[in-house]
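A.B. asks: With the sequence up front, the predicted model follows.
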Amino acid sequence: MEFSAAVQGRRTVRRFKQIQVKQSEIREMLNAARLSSSGGNIQPLRYIVIQTPELVSGIFANTAWGGLVKPRRNPEPGKTAPLTFIAVVGPRDSSNIIHADAGAAIQSMTLTAYSLGIGCCWLGAFRRENVDTLLALPEDSAVIYLLAVGYPDELPVEEDISAGMPVEYHLDDNDVLHVPKFTVDAITEWR
Ligand SMILES: Cc1cc2nc3c(=O)[nH]c(=O)nc-3n(C[C@H](O)[C@H](O)[C@H](O)COP(=O)(O)O)c2cc1C
């Protein structure tokens, strides 16, 4: 896949097929994560791939999905919920730089995933204490973000919007998710 096609076509997916993603594909995503930019090249992030059904259900129960399209994009266990999560783990009370590292790594993973036909949902809304406990993390570590991973069972679409237009993602009458994105001219000044 052309890189620009991946950048333009990737959308957050919140409905997944009930087929486990191949381990080789997850490894390809993790390879992209490890090669991503890192402030000072410290590489403080660690990854936990969660595929054990009981652990996946436990993590899932502590996540929140698509706040603007609730309840229609709440994945349903056994029907549309993800079978894999990747936990991005860093030091507890991570600095902004480490959060930026996490963003770079996650973007690399989501783009790699998309090029492999895999969808992801980057999750920042989850009960952090519960998730850290479920993963039995040491006191000095914490999950910074979760990434839900799976073969997509929906095809959200992007739509260009100009300055001042509403940014809320929304579902149409056919249950297709629309994701408004500002055009370059709406968000850029040239000086
Ligand atoms: C830092 C961050 C946290 C996010 N947390 C959540 C979340 O907790 N739940 C969710 O359903 N989506 C979450 N998202 C996904 C956004 O809703 C999504 O990126 C946005 O709607 C734009 O859609 P797109 O990814 O298809 O461009 C998060 C995205 C980012 C970057």
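C.D. replies: Here it is on my side, so go on. These numbers come from a predicted model, not from an experiment.
A.B. asks: In the one helix or strand residue 31 maps to, which residues are buried?
C.D. replies: Per DSSP states H and E, residue 31 falls inside helix 23-34. Across helix 23-34, burial judged by 16 or more other C-beta atoms under 10 Å covers 25-26, 28-30, 32-33. Backbone N, C-alpha and C define where each C-beta goes, glycine included.
A.B. asks: so which of those residues would you say is closest to residue 73?
C.D. replies: residue 29 (22.5 Å; C-beta to C-beta).
A.B. asks: just to revisit the earlier point, could you name the helices and strands sitting against the helix holding residue 31?
C.D. replies: Judged by 3 or more C-beta pairs under 8 Å, 6 or more residues apart in numbering; DSSP states H and E, the packing partners of helix 23-34 are strand 46-50, strand 84-91, helix 96-115.
A.B. asks: Just give the nearest non-adjacent residue to residue 19, would you?
C.D. replies: residue 151 (5.6 Å; C-beta to C-beta, 6 or more residues apart in numbering).
A.B. asks: Count the residues that sit near that neighbour.
C.D. replies: The number of residues packed near residue 151 is 20, by other C-beta atoms under 10 Å.
A.B. asks: which ones are touching it?
C.D. replies: Contact analysis of residue 151 by C-beta atoms under 8 Å, 6 or more residues apart in numbering lists 16-17, 19, 21, 117-119.
A.B. asks: Show me just the buried residues among those.
C.D. replies: Neighbour counting with 16+ other C-beta under 10 Å marks 16, 21, 118-119 as buried within the contacts of residue 151.
A.B. asks: ok, which of those residues also contact the ligand?
C.D. replies: Near the ligand, judged by C-beta under 6 Å from any ligand atom, there are no entries from those.
A.B. asks: Find the residue at the geometric middle of the protein.
C.D. replies: For the chain, the residue sitting closest to the mean C-alpha position, by C-alpha atoms, centre = their mean, is residue 122 at 2.0 Å.
A.B. asks: and that residue, what is it in contact with?
C.D. replies: Contacts of residue 122 (C-beta under 8 Å, 6+ apart): 12, 106, 110, 145-147.
A.B. asks: need the residues of this protein near the ligand, please.
C.D. replies: Counting by C-beta under 6 Å from any ligand atom, the chain sits next to the ligand at 11-12, 14, 64-66, 121-125, 156, 169, 179.
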